[in-house]
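Asker: Kindly return the folded structure for what I paste below:
(2 chains)
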Amino acid sequence: MRRSRRGAVGLLSGGLLGLFVLGCARPSAEPKARSGPPQRIVSQVVDSDEILHALGPEVRARVAGVSIMADDPRYSTIAGLWPASTPRLPGVAESLIAAEPDLVILASFSAPQTRALLEGSGIETVILEGFDGFDDYEKRVRTIAKTVGASEAADDIIASFRAKLPPPQADQDRTVMSYVAGNVAGAGTTFDDVCTAAGLRNIAAANGIEGHKPVSIEQIVVWDPDFVVIECASDCDAAVANVRKTAGLSSLAAARNGRIVAIESRRLLSSGAAMAEVAAELRQAAESR
Amino acid sequence: MTRARAAGLAAAGLGLVLVLVALVVGPGGVTFGDALAVLLGGERSPMIHTLVLDVRLPRALLVAAIGAALSASGVITQGLFRNPLAEPGVLGVSVGAATAAVVGFAWGLDAFGMWMTSLLAAGGALGVLAFLLLLVRGKAGVGALLLSGIAIGALCSAVTTLVLSLGTERWDLGVKVVRWLMGSFEGRSWDHFAVAGGALIIGLAMAAWVRVDLDALALGEQTAASLGVDLQRTQWISLGAVAILVGTATALCGVIGFVGLVIPHLARAWVGPAHRGLLLSASALGAVLLLAVDTASRGFSILSLPPGAITSLIGAPFFLWVLRGLDKEDGET
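Answerer: Below you'll find the predicted structure:
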């Protein structure tokens, strides 16, 4: 009895060791060779959902899945535009592999395990990096367009983006600050580029803030920007009213002079084409208020 | 003058000085002269006026009230459970409040006004309290109450984790939740202080009502009962006081840890274990220390640092140092 138990334990240990060695020795698969552009593209970033949609019907027909954020109006500027027949895929490796893609578009913040599993299964991936301004956006458009074999369409998208930007303005005397979830946006953010395009000076960047930082309200009182930009989900008037009721913020010149500008979250927080619309809206607000 | 009264007076004096210091620390170059002038109705620039009267003074008073509330609730919890490691969090009240707030963020209810999250958190705290009171009504012992609180806390934490995991793609949800769970005094106004002050008065009054019962409870439940303590009534009132104090603090400022555990120990080492002096001195000490921490963190950086993390960063090593001192004293006696 004892001998047979020992034998079973030995067999089990040997089996586990063998599986371990097999797992370690298993070579990762090379991306499958393709004769032409990818035919089953899966996007896992709301930004690439938007860019793929903008690349036109020929590219859209080759999309085998978009991110589950594509239809969320809080984050996506193309909510409801992808046909219902295009699957919305969660960022889980097995869902992505089951879609049988030949190209998956991920972002630098996507789970590295998912990326490793996809690449280990021989699926080509493109990792989007840099979401911090106009240059990054144009770079991503070109990267995606080139990867899916539609480089010419990238020029049209970029030209359209630039055309929507307000004409350049030299003097940037009036100051602006974004205030989203307690954070202000400093240098190296999409908002900083939007400010410059709108002809306004980002006061957080001017004061040495880089990236998105939770600056204290008393510091904001000292800065006292001419304009404050906030996000809103649906009721933008209520969002403005909330800021005007917040201790400290209520005394800002922007609050007193009706210069709190509420912009829908999906556009204000966009790192895509909507940045141009926000810049134009800010310029209009600056000229009218 | 008793030691407790002297301690209370010293803390109150120190508190007043700290409030004045809090008015000048931070950006804007506000001087003591500016602060006093604004407080006495003098003329200063609108910016200084706003910083002193609208931002710093209500914040300093709120911080003091929250420090006092959390410390007093720590005294009550440790007295009720006769356990020096007990803290308000073990009853699950603060976690219940946090879970309700997190669910509110996930459903986007925070968009319905700046008080919505506080109301939801208060509702969560009340829900946990109602459950605990039901247990007391069923004549549960103190041990069962403690374990139930831990179980409720675990359940609420699991719900919070689940909500967060289901919304991993929503970065703004993560930012809101993490920011709220770390606690914050940013943007708090006179209205917030009025709510906190009211809750503090009610909670302290309830605690004072059972202070003698809590002293007797230190001798054990049976001995306390033989001395005429109505155990069920003591539990009801104590739980109610803790829920009001912690629930309000969490609803207004998020989760701020360590204060309810550390301050009662410091106060006990100072004025002794009798709850009459302990409640007041712990409240005063909690108010002073939390205000000192908040003022220092504001002076340290223009960024809004989470008070919950700061109190734990300072409180944990300090607590270890105090415990070491107490161990040495025990060894010598």
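
Asker: Please count neighbours and contacts with C-alpha atoms only from this point.
Answerer: Fine.

Asker: Would you map the helices across the stretch 1-150 of chain B?
Answerer: In the stretch 1-150 of chain B, the segments counted as helices under DSSP state H, counting those that start in this stretch are B:3-24, B:32-39, B:46-49, B:57-81, B:93-106, B:116-137, B:142-166.

Asker: now these in JSON lines, with distance to B:E186 and mean pLDDT?
Answerer: Formatted as JSON lines, the helices of the stretch 1-150 of chain B follow (distance: least, Cα to Cα, whole Å; pLDDT from 0 to 100):
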{"stretch": "helix B:3-24", "distance to B:E186": "14", "mean pLDDT": "86"}
{"stretch": "helix B:32-39", "distance to B:E186": "20", "mean pLDDT": "93"}
{"stretch": "helix B:46-49", "distance to B:E186": "17", "mean pLDDT": "90"}
{"stretch": "helix B:57-81", "distance to B:E186": "8", "mean pLDDT": "93"}
{"stretch": "helix B:93-106", "distance to B:E186": "17", "mean pLDDT": "88"}
{"stretch": "helix B:116-137", "distance to B:E186": "14", "mean pLDDT": "82"}
{"stretch": "helix B:142-166", "distance to B:E186": "23", "mean pLDDT": "85"}
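
Asker: out of the ones you listed, nearest to A:V180?
Answerer: Among these, helix B:93-106 comes nearest to A:V180, with 14.6 Å by Cα to Cα.

Asker: what's the angle between the closest one and helix B:142-166?
Answerer: Angle between the axes of helix B:93-106 and helix B:142-166 is 20 degrees (criterion: axes from the mean of the first three to the mean of the last three Cα atoms, to 10 degrees).

Asker: Find the closest residue to chain A in chain B.
Answerer: B:L303 (4.2 Å; Cα to the nearest Cα).

Asker: isn't that residue right next to A:E218, touching?
Answerer: No. Taking contacts as Cα atoms under 8 Å, B:L303 lies outside contact range of A:E218: 9.9 Å.

Asker: Give me the more crowded residue out of the two.
Answerer: Shown here are B:L303 and A:E218; by other Cα atoms under 10 Å in any protein chain shown, A:E218 has more neighbours (28 against 18).

Asker: Dump the helix or strand where the more buried one lies to PDB, restricted to CA.
Answerer: Assigned by DSSP states H and E, A:E218 belongs to helix A:217-223. What follows is helix A:217-223, C-alpha atoms only, in PDB (Å, rounded to 0.1, in the frame of the first residue of the first chain):
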ATOM      1  CA  ILE A 217      -7.300  74.200  -4.600                       C
ATOM      2  CA  GLU A 218      -5.400  76.900  -2.700                       C
ATOM      3  CA  GLN A 219      -2.700  76.800  -5.400                       C
ATOM      4  CA  ILE A 220      -5.400  77.100  -8.000                       C
ATOM      5  CA  VAL A 221      -6.800  80.100  -6.100                       C
ATOM      6  CA  VAL A 222      -3.400  81.700  -6.300                       C
ATOM      7  CA  TRP A 223      -3.100  81.000 -10.000                       C
END
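
Asker: Just give me the residue right at the centre of chain A.
Answerer: Relative to the mean C-alpha position of chain A, the nearest C-alpha, by Cα atoms, centre = their mean, is the one of A:D47, at 5.0 Å.

Asker: Tell me who's in contact with the residue lying closest to that one once chain neighbours are set aside.
Answerer: Nearest in space to A:D47, with sequence neighbours left out and distances taken as Cα to Cα, 6 or more residues apart in numbering or on different chains, is A:G272 at 6.2 Å. Applying Cα atoms under 8 Å, 6 or more residues apart in numbering or on different chains, we find A:G272 in contact with A:47, A:50-51, A:137.

Asker: What about the residues you listed, which one has the most neighbours?
Answerer: A:D47 (26 neighbours).

Asker: is it fair to say that residue lies in a helix?
Answerer: Yes. Under DSSP: H, G, I helix; E, B strand; the rest coil, A:D47 sits within a helix.

Asker: wait, doesn't it sit right on A:S271?
Answerer: Yes. Here A:D47 reaches A:S271: they are 7.2 Å apart, a contact under Cα under 8 Å.

Asker: Quickly list what's touching both of the two.
Answerer: Counting by Cα under 8 Å, 6+ apart, nothing touches both A:D47 and A:S271.

Asker: pLDDT and secondary structure for the contacts of A:G272 - can I get that in TSV?
Answerer: Listed next are the contacts of A:G272 as TSV, based on pLDDT from 0 to 100; DSSP: H, G, I helix; E, B strand; the rest coil:
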residue	pLDDT	secondary structure
A:D47	94	helix
A:E50	96	helix
A:I51	97	helix
A:Y137	96	helix
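
Asker: which two in those residues are spaced the farthest apart?
Answerer: A:E50 and A:Y137 (11.4 Å).

Asker: Off-centre distance for stretch B:198-214?
Answerer: 15 Å (Cα atoms, centre = their mean, to the nearest Å).

Asker: Now it: buried residues?
Answerer: B:199-200, B:202-204, B:206-208, B:210-211, B:213-214 (16 or more other Cα atoms under 10 Å in any protein chain shown).

Asker: Check stretch A:191-207 too.
Answerer: A:191-205.

Asker: What about those residues, which are in helices?
Answerer: Among the buried residues of stretch A:191-207, the members falling in helices (DSSP state H) are A:191-198, A:203-205.

Asker: Could you export the residues you listed as CSV, including distance to chain B?
Answerer: Output for these, formatted as CSV (distance: Cα to the nearest Cα, whole Å):
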residue, distance to chain B
A:F191, 16
A:D192, 19
A:D193, 21
A:V194, 20
A:C195, 22
A:T196, 24
A:A197, 25
A:A198, 25
A:I203, 14
A:A204, 12
A:A205, 14
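
Asker: Now do whichever strand or helix holds A:L12, average pLDDT.
Answerer: Assessed by DSSP H and E, A:L12 sits inside helix A:2-25. Mean per-residue pLDDT for helix A:2-25: 66.

Asker: after that helix, next one along is what?
Answerer: strand A:41-43.

Asker: Which neighbouring elements make contact with that next one?
Answerer: Packing partners of strand A:41-43 (3 or more Cα pairs under 8 Å, 6 or more residues apart in numbering or on different chains; DSSP states H and E): strand A:63-67, strand A:103-107.

Asker: Distance from it to the middle of the chain?
Answerer: Counting by Cα atoms, centre = their mean, strand A:41-43 comes out at 15 Å from the chain centroid.

Asker: Likewise for stretch A:114-134?
Answerer: The answer for stretch A:114-134 is 14 Å, by Cα atoms, centre = their mean.

Asker: contacts for it?
Answerer: Taking Cα under 8 Å, 6+ apart as the rule, stretch A:114-134 contacts A:28-32, A:91-93, A:96-97, A:101-108, A:136-137, A:140, A:188-193, A:271, A:275.

Asker: Let me know how buried residue 122 is, in neighbour terms.
Answerer: Looking at chain A here, since you left the chain open. 17.

Asker: think we crossed wires, I meant chain B
Answerer: So B:A122, with other Cα under 10 Å, has 27 neighbours.

Asker: got it, and the one 10 residues further on?
Answerer: Using other Cα under 10 Å as the criterion, B:L132 is surrounded by 25 other residues.

Asker: ok, it touching B:L147?
Answerer: No. Here B:L132 lies out of contact with B:L147, judged by Cα under 8 Å, at a distance of 10.7 Å.
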